[in-house]
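*Asks:* pasted the sequence and its predicted model underneath.
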Amino acid sequence: MSLSPRFQLLRAGVALAVALVLIAIASGLRATDAHAARGMEIAVQDDAAFVTQAYGKYGLSRDRALRLARAFGATRMRINLTWANTLSPDQRNATTRPLGLRYQFQLVDSAIDAAASFGMRVILSLAGPAPAWATGNRRLGPFRPNTTAFAEWAGIAASHFRGRVDRFSIWNEGNIRPWLSPMGSSPSIYRNLYRRGYAAIKAAAPGAKVLFGETSPYGRRGFAAKPIAWLRKVLCVNTRGKRRRSCPKLKTDGYAHHPYDFAHRANYRYPGKDNATMGTLGNLTRALDRFSRSGALRKNGRGRIPVYLTEYGYFAKGPRALSRRKRTEYLYQGWNIALKNRRVKSNLQYLMASPPQGSSSAYFDLSLLTTSGRKYPQYNTLVRWYKAHRRNVKRPGRAISLPPAPPS
């Protein structure tokens with residue numbers, strides 16, 4: 001049966017409409033995939049491997065370590081920019097403030113450029129120890145750092161790295177004694193470090209994000225305060241969620257936390273509502289929501305405060321090392337938990353390589369590789385995890401073009 005020209009035209013129009021719908025659906029699916037690819041960020045930290053390049057003499061170059069990190073999907077590198085160590089030995093050990101302070105950032109500049117060549121951006125944690133002239137006891141270390149001097153340094157650092165670093169955090173594990181002391185005063189000290197440091201960074205680099213916290217996960221008598229109890233003191237909020245009016249309101253672009261639990265599987269419910277491990281992240285996010293409702297700590301813009309997990313791992317060596325089976329199983333499970341939590345924007349593997357035996361950092365070995373770069377089973381586990389979940393995480397892209405580093 002022949003069809004009239006009018007009917008043929010109508011059928012062609014319907015076919016075209018169906019084709020357009022199918023194209024739209026396909027485009028929507030591709031958009032969904034692209035959205036998934038912009039999911040949780042995979043990050044890595046190993047200042048010895050990436051900044052000082054201490055493992056080169058053992059056979060693990062920085063470029064090789066970066067290639068290995070890229071293989072498990074790393075798109076972000078964290079670096080601890082330690083205040084005292086950006087000064088020469090004579091200036092950081094001086095007991096009175098030297099004239100003509102000269103801060104040196106060349107090592108970090110080099111690491112930033114190397115990371116960018118592998119498609120990774122950098123977060124700088126502005127941390128102690130403080131130089132001797134800026135502490136309460138005139139000794140290089142964590143004792144009562146001068147918050148005004150810290151803010152001055154933070155502003156200098158943010159100005160130097162403007163356009164090259166898009167994310168900063170203030171201090172490191174302020175709730176443990178080796179990083180900030182005395183413990184009884186650390187909440188008020190941190191409040192002022194953050195308040196003044198945040199303002200200095202935003203003034204020098206308005207487009208950069210500034211994270212609050214960098215807290216250790218659980219309390220240990222005489223050594224570490226429970227992070228959420230410590231935060232209540234930092235923010236002047238009581239257990240009922242009411243803020244003391246005399247305390248300043250603070251803003252942040254996100255909360256940084258280290259959800260370690262070295263002895264248990266990742267979903268273990270670590271006891272204590274004021275602790276926050278990977279298995280009890282809900283304690284932290286609920287507390288952040290209470291703090292936000294009280295006005296004590298609010299996210300820039302609208303919405304809930306996002307969480308950045310800026311250190312995570314299991315011991316590869318030492319008395320706290322788990323069996324091969326446990327540490328690979330627990331690591332995989334921990335990354336699953338982080339990915340499923342919508343508040344978590346980033347999870348970070350700490351470290352890449354084993355510190356050499358006899359070094360000052362050998363006691364804290366959460367590595368994926370030997371000192372010379374041989375792969376531990378947990379490295380392969382993380383690569384396997386990334387391949388299984390790559391549609392739902394940010395994926396490494398091309399090299400990032402950055403403006404050149406200014407002279408130090």
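*Replies:* Thanks, I have the structure now.
*Asks:* in contact with G397, which residues?
*Replies:* Contact analysis of G397 by C-beta atoms under 8 Å, 6 or more residues apart in numbering lists 75, 119. (Each C-beta comes from the backbone N, C-alpha and C, glycine too.)
*Asks:* how near is it to K345?
*Replies:* From G397 across to K345, the span is 17 Å (C-beta to C-beta, to the nearest Å).
*Asks:* ok, residues contacting stretch 365-380?
*Replies:* By C-beta under 8 Å, 6+ apart, stretch 365-380 touches 46, 55, 58-60, 64-65, 68, 72, 313-318, 321, 324, 327-328, 331, 349-356, 382.
*Asks:* in strands, which of those residues appear?
*Replies:* In this view, these that belong to strands under DSSP state E are 349-350.
*Asks:* which residues of the chain fall in helices?
*Replies:* With DSSP state H, the ranges of helices along the chain come out as 5-37, 47-50, 62-71, 89-93, 106-117, 147-160, 186-204, 227-235, 281-294, 324-340, 377-389.
*Asks:* need the winner for burial among these.
*Replies:* Comparing the helices of the chain by mean neighbour count (mean count of other C-beta atoms under 10 Å), helix 47-50 comes out on top with a mean of 25.
*Asks:* residues making contact with that one?
*Replies:* Under the criterion C-beta under 8 Å, 6+ apart, residues 54-55, 60, 62, 65-66, 77, 79-80, 111, 114-115, 351-353, 355, 361 lie in contact with helix 47-50.
*Asks:* do that again at 6 Å, thanks
*Replies:* 54-55, 62, 65, 80, 111, 352-353 (C-beta atoms under 6 Å, 6 or more residues apart in numbering).
*Asks:* pull the contacting residues for the residue nearest the centre of the chain.
*Replies:* The residue lying closest to the centre of the chain (C-alpha atoms, centre = their mean) is T310, at 3.0 Å. Shown in contact with T310 (C-beta under 6 Å, 6+ apart): 78, 256, 348.
*Asks:* how many other residues sit next to the second one?
*Replies:* It refers to A256. Burial measure for A256: 27 neighbouring residues, criterion other C-beta atoms under 10 Å.
*Asks:* then the first one?
*Replies:* R78 has 25 neighbours, counted by other C-beta under 10 Å.
*Asks:* wait, isn't it in contact with I123?
*Replies:* Yes. With contact defined as C-beta atoms under 6 Å, R78 counts as touching I123 (4.9 Å).
*Asks:* gap between N146 and E152?
*Replies:* From N146 across to E152, the span is 9 Å (C-beta to C-beta).
*Asks:* pipe the contacts of helix 47-50 into JSON lines and attach distance to G282 and pLDDT per row.
*Replies:* What follows is the contacts of helix 47-50, written out as JSON lines (distance: C-beta to C-beta, whole Å; pLDDT from 0 to 100):
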{"residue": "A54", "distance to G282": "38", "pLDDT": "96"}
{"residue": "Y55", "distance to G282": "38", "pLDDT": "97"}
{"residue": "R62", "distance to G282": "38", "pLDDT": "98"}
{"residue": "A65", "distance to G282": "34", "pLDDT": "98"}
{"residue": "N80", "distance to G282": "28", "pLDDT": "98"}
{"residue": "A111", "distance to G282": "35", "pLDDT": "98"}
{"residue": "M352", "distance to G282": "30", "pLDDT": "98"}
{"residue": "A353", "distance to G282": "33", "pLDDT": "98"}
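*Asks:* now render those residues as JSON lines, adding distance to G141.
*Replies:* Listed next are these as JSON lines, based on distance: C-beta to C-beta, whole Å:
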{"residue": "A54", "distance to G141": "22"}
{"residue": "Y55", "distance to G141": "27"}
{"residue": "R62", "distance to G141": "29"}
{"residue": "A65", "distance to G141": "30"}
{"residue": "N80", "distance to G141": "15"}
{"residue": "A111", "distance to G141": "25"}
{"residue": "M352", "distance to G141": "27"}
{"residue": "A353", "distance to G141": "27"}
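*Asks:* ok, so of the residues you listed, who is nearest A287?
*Replies:* Nearest to A287 among the contacts of helix 47-50 is N80, at 25.1 Å by C-beta to C-beta.
*Asks:* who does that closest one bridge with?
*Replies:* With DSSP bridges as the criterion, N80 is bridged to S125.
*Asks:* contacts only, for it.
*Replies:* Contacts of N80 (C-beta under 6 Å, 6+ apart): 47, 125, 127.
*Asks:* nearest to V393 among these?
*Replies:* S125 (22.0 Å).
*Asks:* burial of that closest one, as a residue count?
*Replies:* 22.
*Asks:* for P271, see how far away it is.
*Replies:* Distance, S125 to P271, by C-beta to C-beta: 29 Å.
*Asks:* how about R64?
*Replies:* From R64 to P271 the distance is 42 Å (C-beta to C-beta).
*Asks:* and for R265?
*Replies:* Distance of R265 to P271, computed by C-beta to C-beta: 15 Å.
*Asks:* more crowded one of these two?
*Replies:* R265 (14 against 8).
*Asks:* before we move on, back to that, G295: which of the contacts of helix 47-50 is nearest?
*Replies:* Using C-beta to C-beta, N80 comes nearest to G295 of these, at 30.9 Å.
*Asks:* for A208, give me its contacts.
*Replies:* The neighbours of A208, taking C-beta under 6 Å, 6+ apart as the test, are 166, 168.
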